[in-house]
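# okay, here's the prediction I keep looking at, along with the sequence it came from:
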Amino acid sequence: MGRLCELVKVRILARDVERRLQIKVGLAFVGVILAIRPSFFMFPFLVYLLIFKTEKMKKILLLLTIYLTGSVTAQNYVHQVYVLNEGYFDYNSNTILEPVTLGAYDPQTGVYNVADTIENMRFASDMILSGDFLFVAADNQILKYNKYTNQLLVSTACPGVRNLAVVNDQLIATRGEYLTTFDSYLHVYDANSLQLTHVFDTLTGPKWATQNAVVNGTTAYVAVNNAYEWGNEKGLIGKLDLATMTYGAEIDLGPDGKNPDNMVVSGNYIYTVNNKDWSGASVSKIELSSNLSTTSTISSAITGCGTSCLRDGNIVYQISGESILNEWNVLSMSPVGPVSNLSLNYYEITQDETNGLFYASNTDFFSYGKVFIYDGNNIEIGSFDAGVSPGTIVFDVRNSAQVNQNSLEFNISPNPSNGLFKISGMATGEVKISTSTGSVVKTENLSSNQLLDLTNLSEGTYFITITANGQSTTHRIVKI
């Protein structure tokens, strides 16, 4: 999310369901499975679990749903959810009391782990995924991680870095800092090496502090808000031509469009949520083909740290200090009204477009951070503890074909399994089991039709890599 704020933005209580209802729902689910896959070999095993292990029903159904959506056809699934926790920096004592951390949540197991602690950073401001890599903006650094191993690959200094955008091999970085003047508010880096390639000074680029950035085609749109100079806020959207590396043709959002913070692209439009001159909030709509903008006031109070996102085609936002979310229709540029069932003060909100889920973080900015997960009806279906000030959430979306594409032919059954997997269709080979973070937890040599025993491992998703005849292939397996 990228700002230190003074907003005061439970773990889900599992509903007790009667045993008979669980069995009926579970058997109905199995019926659906059999309708999809009539030869589904796990039917007796499922019936046993449904009748005698009903306390595990919810988790089993969740894991089976994940498995089926990834195995019936090659399609997208959320492999992990990254959370950038901004930590807590005490400006009075000039001390980092809670460090910036990068967390990874596995939606299939419900397990959250700290992937990296980013030391000596006062705060963090943005995080984006591009291809196989994760990019983080933290205080005065840009960091690049491998999303398969979560290992830090390279970092570079960029004082005042705010937000990031990546297109092809170019990484755009906006800049701004309270009580600090820079000679450049827009940088471009080589996304591979993080080497600085272009610097736009205040003559060739934005004249004031910049915030968000989005890319449409070969044009990067940059929000120029000058938010750190009180009383001199700006409301401009600058255009950076990535083909010629020239900046210009700024779009003026008008007097009510000052201080643009969050910015999203949808169709032929860009939408910004603005804090005006800190006296209220507005939404601006820019038509990309004509560069014409329309701005409407949405509140006489600000949205603070830009708690807003695009959800199902409309903007959802929260006014600073409030505990309700509001929805704004972007087509008619008119209010829809409060969002039902969501009644916390949130810091970051975002939609998992793959599954239609809604993630929202809550924090007191100094001692805790928590992320709640809601379904399409705004019913809480999960939550997990994160670090202090979880300000940016992004989804690592992968395709099951990327995991299952291979030149080696073999079968793994049953999958999901309670820990015993049978590998058939191969002579001999080396088998390596790894976690979603890349940690190898088991290695052994197996022959065809031999059982792989993973009963000592925790429930969840693993990756099995088999190497034979000089070739390797990887499959996703689920232990329940």
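Perfect, I can see it now. Numbers count the residues shown, from 1 in each chain.
# pLDDT value on H475, please?
Looking at H475, its pLDDT is 75.
# surely W230 is in contact with W278?
Yes - with contact defined as C-beta atoms under 8 Å, W230 counts as touching W278 (7.5 Å). Any C-beta I mention is one placed from the backbone N, CA and C, and that applies to glycine too.
# tell me which of the two has more neighbours.
Using other C-beta atoms under 10 Å, the more surrounded residue of W230 and W278 is W278, with 16 against 10.
# could you find the closest non-adjacent residue to that one?
Nearest non-adjacent residue to W278, counting by C-beta to C-beta, 6 or more residues apart in numbering: I302, 5.8 Å away.
# over to P416?
Spatial nearest neighbour of P416, chain neighbours left out: V478 (3.9 Å); criterion: C-beta to C-beta, 6+ apart.
# poorly predicted segments of this protein, please.
Across the chain, the ranges flagged by pLDDT under 70 are 1-74, 400-409, 426-427, 436-438, 448, 469-472.
# pairing partners for the strand or helix carrying V222, with directions?
Take DSSP states H and E as the rule and V222 turns out to sit in strand 219-224. Counting by DSSP bridges, the strands paired with strand 219-224 are strand 210-216 (antiparallel), strand 236-241 (antiparallel).
# out of those strands, nearest to T350?
With C-beta to C-beta, the closest approach to T350 among those belongs to strand 210-216: 13.9 Å.
# what does that closest one contact?
Strand 210-216 is contacted from outside by 2, 162-167, 172, 174-176, 185-186, 220-225, 227, 238, 242, 260-265, 270, 272, 288, using C-beta atoms under 8 Å, 6 or more residues apart in numbering.
# please, a PyMOL command that selects the buried ones among those residues?
To isolate the buried members of the contacts of strand 210-216 in PyMOL, using 16 or more other C-beta atoms under 10 Å:
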select buried, resi 2+162+163+164+165+166+167+172+174+175+176+185+186+220+221+222+223+224+225+227+238+242+260+261+262+263+264+270+272+288
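# how is this protein divided into domains?
Here the domain parsing of the chain from automatic domain parsing is 19-71, 78-398, 406-479.
# first to last residue in the second one, what's the distance?
Put plainly, it is domain 78-398. 6 Å (C-alpha to C-alpha, to the nearest Å).
# run through the helices of the stretch 1-150 of the chain in chain order.
Residue ranges of the helices in the stretch 1-150 of the chain, as given by DSSP state H, counting those that start in this stretch, are 19-36, 43-52, 57-71.
# which strands or helices does the helix or strand in which V394 is found pack on?
For V394, the element it lies in under DSSP H and E is strand 390-399. Using 3 or more C-beta pairs under 8 Å, 6 or more residues apart in numbering; DSSP states H and E, the elements in contact with strand 390-399 are strand 76-85, strand 126-130, strand 349-352, strand 357-363, strand 369-374.
# in TSV: those strands, plus distance to E98 and mean neighbour count.
Listed next are the helices and strands packed on strand 390-399 as TSV, based on distance: least, C-beta to C-beta, whole Å; neighbours: other C-beta atoms under 10 Å:
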stretch	distance to E98	mean neighbour count
strand 76-85	8	23
strand 126-130	17	20
strand 349-352	22	20
strand 357-363	10	24
strand 369-374	9	22
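# adding distance to D116, write those strands out as a markdown table.
Formatted as a markdown table, the helices and strands packed on strand 390-399 follow (distance: least, C-beta to C-beta, whole Å):
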| stretch | distance to D116 |
| --- | --- |
| strand 76-85 | 10 |
| strand 126-130 | 11 |
| strand 349-352 | 21 |
| strand 357-363 | 18 |
| strand 369-374 | 16 |
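# T474 is nearest to which of those?
strand 76-85 (12.7 Å).
# quick one: strands adjacent to the closest one?
Here strand 76-85 is paired, per DSSP bridges, with strand 100-106 (antiparallel), strand 390-399 (antiparallel).
# tell me which of these sits most buried.
strand 100-106 (a mean of 23; mean count of other C-beta atoms under 10 Å).
# how far does stretch 308-319 sit from its chain's centre?
15 Å (C-alpha atoms, centre = their mean, to the nearest Å).
# CA atoms of it as PDB?
This file holds the C-alpha atoms of stretch 308-319, laid out as PDB (Å, rounded to 0.1, in the frame of the first residue of the first chain):
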ATOM      1  CA  SER A 308      -9.600   1.000  -2.300                       C
ATOM      2  CA  CYS A 309      -9.600  -1.600  -5.100                       C
ATOM      3  CA  LEU A 310     -11.500  -2.700  -8.200                       C
ATOM      4  CA  ARG A 311     -13.900  -5.500  -7.300                       C
ATOM      5  CA  ASP A 312     -16.100  -7.100  -9.900                       C
ATOM      6  CA  GLY A 313     -15.900  -4.100 -12.100                       C
ATOM      7  CA  ASN A 314     -16.700  -1.400  -9.500                       C
ATOM      8  CA  ILE A 315     -14.500   0.500  -7.000                       C
ATOM      9  CA  VAL A 316     -14.700  -0.500  -3.400                       C
ATOM     10  CA  TYR A 317     -13.300   2.000  -0.900                       C
ATOM     11  CA  GLN A 318     -13.200   3.000   2.700                       C
ATOM     12  CA  ILE A 319     -13.200   6.400   4.300                       C
END
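# and that stretch, what's buried?
For stretch 308-319, the neighbour count (16+ other C-beta under 10 Å) marks S308, C309, L310, R311, N314, I315, V316, Y317, Q318, I319 as buried.
# what's that stretch in contact with?
Contacts for stretch 308-319 (C-beta under 8 Å, 6+ apart): 261-262, 264, 266, 271, 273, 281, 283, 298-299, 301-304, 307, 324-330, 336, 339, 345-346, 349-351, 358.
# list only those of those flagged as buried.
Buried among the contacts of stretch 308-319 by 16+ other C-beta under 10 Å: 261-262, 264, 271, 273, 281, 283, 298-299, 302-304, 307, 325-328, 330, 339, 345-346, 349-351, 358.
# now D256: phi and psi?
Main-chain dihedrals, D256, degrees, to the nearest 10: phi -90, psi 0.
# no no, N259
When quoted as degrees, to the nearest 10, the phi and psi of N259 stand at phi 60, psi 50.
# tell me how far it lies from G160.
Distance, N259 to G160, using C-beta to C-beta, to the nearest Å: 17 Å.
# in contact with D352, which residues?
V78, V81, F358, Y359, F395.
# check I412 too.
I412 is in contact with F421, K422, I423, I464, H475, I477, counting by C-beta under 8 Å, 6+ apart.
# can you redo these as a markdown table with distance to D132?
As requested, the contacts of I412 are exported to a markdown table (distance: C-beta to C-beta, whole Å):
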| residue | distance to D132 |
| --- | --- |
| F421 | 28 |
| K422 | 32 |
| I423 | 28 |
| I464 | 21 |
| H475 | 19 |
| I477 | 22 |
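# identify those among those that sit within helices.
Judged by DSSP state H, helices contain none of the contacts of I412.
# farthest-separated two in these?
K422 and H475 (13.0 Å).
# which one's more surrounded, the two?
Legend: neighbour count by other C-beta under 10 Å for K422 and H475, higher for H475 (21 against 16).
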